[in-house]
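[1] Next one to model:
(chains A and B)
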Amino acid sequence: MEKDVLEILKEIFVKPSEKAHELSSKYRILPYMAERYMRILGEDAIELLKSFEKPVKPVIRANTLRISPDMLKSSLEEKGFKLERLSWCDSAFKIIKAPEQPSPGATLEYLKGYYYLHRDSSSLLPVLLLTHEYSGDILDACAAPGGKTTFLAEKVFGKGTVYANDLVLRRVRSLIGHITRMRIENVIVTWSDARKISKVLNRKFGRILLDAPCSGEGRISVDPGRRTRTSIYELALMVKREIELLDSLIDMLDEEGIIAYSTCSIAPEENEYVVSKILDKRKDLEVVPPPVKLFEYSPWIKQYGGMEFHEELDKCVRLWPHVHGTLGFTTCLLRRTRR
Amino acid sequence: MKIFTSDLKVFPLPRKWLNSLKAITRKLWGVDLDDLIGQYHFATCFDMNCLLWSTNRRSRRRRVIYEGFWIGVYHEKRLLPSISLVEKIFANNHFRAAIVVTYKASELFLYGKDVFETSVLTSYEPADSIVAVLEPEEKFVIGFALYDASCKCYRNLYDLSIFLRLLG
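    Numbers count the residues shown, from 1 in each chain, chains lettered A, B, ... in the order given. Below is the predicted model of the structure:
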């Protein structure tokens, strides 16, 4: 076992209690996850576990470069969809009801590139926070399948280009598919390990989005396999990669540039722990609060197990399935400062 | 800039391909492709299917596999213009080499079916070879078809569902 991974494993390891084992078998999750939820949430852990059983509502985001949200809404409602506009994002609608045919991913409007179909609303958040009052180029470091890339491109249309990178070719293919389907022209797609992307692009950015490949522990309600997929050892491996990704991408920020570190995981190991490690290591970084309050955010946690996290992390955003009714999701904005 | 792996190929568009695309757009829609697309042209191929694209950005970096404007496809050993390109042509010119089809026929066309002559609402000449297929509501290009006199129908060459079938 690699020394770094062993080190991480030692720090994140928690011994599950008897109660955690009980919850683990009742809710079909791994014991370390149950232990973690109990330690972080106390009695609310049960609410979280119950929320994993509830389906989330998919979200349609209008491609405003091609159609107005209102026109899209009426057009889809004529086909039998019932849509509800998100209070904090004018161009996005929750699908309250869908007809049997066509499915939301096979309508003529979809094929015409009039919208992107998101699993739920949570993934819109980092884009809205990162592009708030911003003009310029953006790097989307782990971009596929393209929901955030296409939204970023729309947000900086006429003002900047999105560099969309991913490592997994099958996913890059789908990313290109969405860009061409939605007729988006201000995107440059690269195929590379994000840890080495600085060598490919050889430039810096004012904004970077790192939606890190993670355990997906926030997506259990749409992907039940994730209940038991990630052992604590595999989690340690992911954490190592997340630290490396974040560290290398910060080097690509302009001075005063901002990176949004996001995951679709509610695990503090992949969020608070990762960012704390980076803040310990680097002196050229500060946490910035969200520039706009779109709704009531939950803060990142201050401690877990034997770990105390940086106080600044209470400026970062957590979406809890049992609180926000979304998939579990996190975003933290970090600004590069003068050393 | 070139990338060649077993699953992905990215390379500058061969002159023969570009000339062929120019010939199609000149013959069918009477336009000069150079007026519509960028200066540099590339192909990105997954398996045997390629997306052709153009950009004005001179600087080409390794590992860039797509950018700019979608200008065409290479699909089932045939080179065809992109839906975006022909939309751009129609935005500035009268319709030509196009058929408007019934709503039902456009739905079936998007499932890969052919269009029978009886489902054509309007034809814009020349309509006896490759045509752009337009849906009736917004006259939006939904794909391309080739007239086949033997079945009195337009054979589906490719349509918007290419995004689902080829690109995931």
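[2] CA atoms for contacts and neighbours, from now on please.
    OK.
[3] got the residues of chain B near chain A?
    B:46, B:61-70, B:84, B:107, B:142, B:160-161, B:163-164, B:167-168 (Cα under 8 Å from any Cα of the partner chain).
[4] So among those, which ones count as buried?
    Buried members of the residues of chain B next to chain A, counted by 16 or more other Cα atoms under 10 Å in any protein chain shown: B:46, B:63-70, B:84, B:107, B:142, B:160-161, B:163, B:167-168.
[5] Now, the residues you listed that are in strands?
    In strands, judged by DSSP state E, the following of these are found: B:46, B:64-67, B:69-70, B:142.
[6] Can you name the residues that contact A:Pro104?
    Neighbour list for A:Pro104: A:98, A:110, A:117 [criterion: Cα atoms under 8 Å, 6 or more residues apart in numbering or on different chains].
[7] out of those, who's nearest chain B?
    Closest approach between the contacts of A:Pro104 and chain B, by Cα to the nearest Cα: A:Tyr110, at 9.6 Å.
[8] which residue ranges form the helices in chain B?
    In chain B, the helices defined using DSSP state H lie at B:15-29, B:83-92, B:103-109, B:162-165.
[9] Sketch out the low-pLDDT regions of chain B for me.
    B:1, B:59-61, B:166-168 (pLDDT under 70).
[10] again, only this time at 90
    Scanning chain B for pLDDT under 90 picks out B:1-7, B:46-49, B:57-63, B:75-77, B:92-93, B:111, B:161-168.
[11] again, but for the stretch 201-339 of chain A
    Using pLDDT under 90, the stretch 201-339 of chain A drops low at A:224, A:305-306, A:338-339.
[12] Farthest pair within the ones in strands among the buried ones among the residues of chain B next to chain A?
    Taking every pair in those and measuring Cα to Cα, the maximum separation is 28.2 Å, between B:Val64 and B:Ile142.
[13] Around chain B, pick out the residues from chain A.
    Contact residues, chain A versus chain B (Cα under 8 Å from any Cα): A:108, A:111-112, A:173-174, A:176-178, A:180-181, A:183, A:185-192, A:200-201.
[14] can you tell me which of these are in strands?
    Short answer: the residues of chain A next to chain B in strands (DSSP E) are A:187-191.
[15] Report the rounded mean pLDDT for the helix or strand containing A:Ser25.
    In the assignment (DSSP states H and E), A:Ser25 maps to helix A:18-27. Across helix A:18-27, the average pLDDT comes to 96.
[16] Tell me the helix or strand right after it.
    helix A:31-41.
[17] From the contact counts, what lies against that next one?
    helix A:18-27, helix A:44-51, strand A:303-304 (3 or more Cα pairs under 8 Å, 6 or more residues apart in numbering or on different chains; DSSP states H and E).
[18] contacts for that helix?
    By Cα under 8 Å, 6+ apart, helix A:31-41 touches A:14-17, A:19-21, A:23-24, A:44-45, A:232, A:301, A:304-305.
[19] How about the helix or strand harbouring A:Lys240, which residues are buried there?
    For A:Lys240, the element it lies in under DSSP H and E is helix A:232-250. Within helix A:232-250, the residues scored as buried using 16+ other Cα under 10 Å are A:232-233, A:235-243, A:245-250.
[20] what about that helix, distance to the chain center?
    Remark: helix A:232-250 is offset 15 Å from the chain centroid, using Cα atoms, centre = their mean, to the nearest Å.
[21] Give me the contacts around it.
    A:4-6, A:8-9, A:12-13, A:32, A:194-196, A:198, A:208, A:210, A:212-215, A:259, A:261, A:269-270, A:274-275, A:277-278, A:336.
[22] Swap in 7 Å and give it another go.
    By Cα atoms under 7 Å, 6 or more residues apart in numbering or on different chains, the surrounding residues in contact with helix A:232-250 are A:5, A:8-9, A:194-195, A:212, A:214-215, A:269-270, A:274, A:278.
[23] got the CA coordinates for that helix in PDB?
    Provided in PDB are the C-alpha atoms of helix A:232-250 (Å, rounded to 0.1, in the frame of the first residue of the first chain):
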ATOM      1  CA  ILE A 232     -12.800   2.700   3.200                       C
ATOM      2  CA  TYR A 233      -9.600   1.700   1.400                       C
ATOM      3  CA  GLU A 234     -11.100   2.700  -2.000                       C
ATOM      4  CA  LEU A 235     -12.300   5.900  -0.300                       C
ATOM      5  CA  ALA A 236      -8.700   6.700   0.800                       C
ATOM      6  CA  LEU A 237      -7.500   6.200  -2.800                       C
ATOM      7  CA  MET A 238     -10.100   8.600  -4.100                       C
ATOM      8  CA  VAL A 239      -9.200  11.100  -1.400                       C
ATOM      9  CA  LYS A 240      -5.600  11.000  -2.500                       C
ATOM     10  CA  ARG A 241      -6.600  11.600  -6.100                       C
ATOM     11  CA  GLU A 242      -8.900  14.500  -5.100                       C
ATOM     12  CA  ILE A 243      -6.100  16.200  -3.100                       C
ATOM     13  CA  GLU A 244      -3.800  15.800  -6.100                       C
ATOM     14  CA  LEU A 245      -6.400  17.200  -8.500                       C
ATOM     15  CA  LEU A 246      -7.200  20.200  -6.400                       C
ATOM     16  CA  ASP A 247      -3.600  21.000  -5.700                       C
ATOM     17  CA  SER A 248      -2.500  20.800  -9.300                       C
ATOM     18  CA  LEU A 249      -5.500  22.800 -10.600                       C
ATOM     19  CA  ILE A 250      -4.900  25.700  -8.100                       C
END
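[24] Indicate each strand paired with the next helix or strand along the chain from that helix and its parallel or antiparallel sense.
    Sequence-wise, the next helix or strand downstream of helix A:232-250 (DSSP H and E) is strand A:253-263. For strand A:253-263, the paired strands and their directions (DSSP bridges) are strand A:205-211 (parallel), strand A:329-336 (antiparallel).
[25] angle of strand A:253-263 against helix A:232-250?
    Angle, strand A:253-263 to helix A:232-250, by axes from the mean of the first three to the mean of the last three Cα atoms, to 10 degrees: 160 degrees.
[26] CA atoms only for strand A:253-263 - export them in PDB, please.
    The C-alpha trace of strand A:253-263 is given here as PDB (Å, rounded to 0.1, in the frame of the first residue of the first chain):
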ATOM      1  CA  LEU A 253      -5.400  29.900 -11.300                       C
ATOM      2  CA  ASP A 254      -4.600  33.500 -12.000                       C
ATOM      3  CA  GLU A 255      -3.900  35.500  -8.900                       C
ATOM      4  CA  GLU A 256      -7.300  36.300  -7.400                       C
ATOM      5  CA  GLY A 257      -8.700  33.500  -9.500                       C
ATOM      6  CA  ILE A 258     -11.300  31.200  -8.000                       C
ATOM      7  CA  ILE A 259     -11.700  27.500  -8.100                       C
ATOM      8  CA  ALA A 260     -15.000  25.800  -7.200                       C
ATOM      9  CA  TYR A 261     -14.200  22.400  -5.700                       C
ATOM     10  CA  SER A 262     -17.400  20.200  -6.000                       C
ATOM     11  CA  THR A 263     -18.300  16.700  -5.300                       C
END
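[27] got the buried residues for that strand?
    Here strand A:253-263 shows A:253-263 as buried, counting by 16+ other Cα under 10 Å.
[28] Would you format the helices and strands packed on helix A:31-41 as CSV with distance to B:Leu121 included?
    Converted to CSV, the helices and strands packed on helix A:31-41 look like this (distance: least, Cα to Cα, whole Å):
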stretch, distance to B:Leu121
helix A:18-27, 58
helix A:44-51, 51
strand A:303-304, 67
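[29] Appreciated, that's everything.
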